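**Student:** I'll drop the sequence and a predicted model, then ask my questions.
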Amino acid sequence: MKDRDVHRAERRHDSIKSHHIEEHRHDPYKARHKLTEPAVCPQCGAVFQNGRWQWVERVAEGACEELCPACHRTNDKFPAGEITIAGSFSKAHQTEILALIRNTQEMQNTEHPLSRIIDITETPDKTVVTTTDIHLPRRIGHALESAFKGELDTHYNDEEYFIRMHWKRDT
């Protein structure tokens, strides 16, 4: 009997797709049920249509109202991400850095309505920007690193669905 005819005791690894299955991420602001389409956020005007939140010029009549996750997070002051900007360079170039942060947020928000800045807190030694999603801090951090160099550290907590980034440059 040839080896190819022998029944394998183990199942083939590639026939089991368990290595492709992601564990459940805990995001308390993700919808627990499928929203009725179209749905409009009464605060920001974003529309849930075709399975995602987007900016739409005209909304069909009879659309139900549903608070979007970004407005929900903003109201609760419960960010999904934050980026801390520190160093002597950041204080000397604060207006340019804040302009870069705002421009990055506006570019991201045109295609992704749930990607917003919740708050910008300035203290004498650092600036902290909190956001409604985990992608915007990463994009802001990479924009800062690209424009001004410096050191960028990323800390992602998968269990809490939260990203914390630190950008620093001295001199």
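**Tutor:** Now that the structure is in, tell me what you want to look at. Remember, it's a predicted structure, so these values are computed and weren't measured experimentally. Numbering: from 1, shown residues only.
**Student:** what separates the longest helix out of those in the chain from the chain centre, distance-wise?
**Tutor:** Assignment by DSSP state H gives helix 94-111 as the longest helix of the chain. Averaging C-alpha positions (C-alpha atoms, centre = their mean, to the nearest Å) puts helix 94-111 15 Å from its chain's average.
**Student:** after that helix, which helix or strand is next?
**Tutor:** strand 117-122 (DSSP states H and E).
**Student:** what's the angle between that next one and helix 94-111?
**Tutor:** Strand 117-122 and helix 94-111 are oriented at 170 degrees to each other (axes from the mean of the first three to the mean of the last three C-alpha atoms, to 10 degrees).
**Student:** residues in contact with strand 117-122?
**Tutor:** 73-74, 77, 79, 94, 98, 101-102, 105, 127-132, 136 (C-beta atoms under 8 Å, 6 or more residues apart in numbering). Placement of C-beta: from N, CA and C, glycine included.
**Student:** show me what counts as buried in that strand.
**Tutor:** For strand 117-122, burial by neighbour count (16 or more other C-beta atoms under 10 Å) applies to 117-118.
**Student:** same question for it, mean pLDDT?
**Tutor:** The average of the pLDDT scores along strand 117-122 is 96.
**Student:** and for stretch 134-142?
**Tutor:** Stretch 134-142 comes out at a mean pLDDT of 95.
**Student:** can you offset everything so residue one is 892?
**Tutor:** All right, first residue 892 from here; so that's stretch 1025-1033.
**Student:** please write out the alpha-carbon positions of that stretch in CSV.
**Tutor:** Only the C-alpha atoms of stretch 1025-1033 are listed here, as CSV (Å, rounded to 0.1, in the frame of the first residue of the first chain):
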residue,chain,number,x,y,z
ILE,A,1025,-8.4,53.5,17.0
HIS,A,1026,-7.3,54.5,13.5
LEU,A,1027,-7.1,58.3,13.8
PRO,A,1028,-4.4,58.3,16.5
ARG,A,1029,-2.3,56.0,14.4
ARG,A,1030,-2.8,58.3,11.3
ILE,A,1031,-2.0,61.4,13.3
GLY,A,1032,1.1,59.8,14.8
HIS,A,1033,2.4,58.7,11.4
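**Student:** from the chain's centroid, how far away is that stretch?
**Tutor:** Using C-alpha atoms, centre = their mean, the offset of stretch 1025-1033 from its chain centre is 8 Å.
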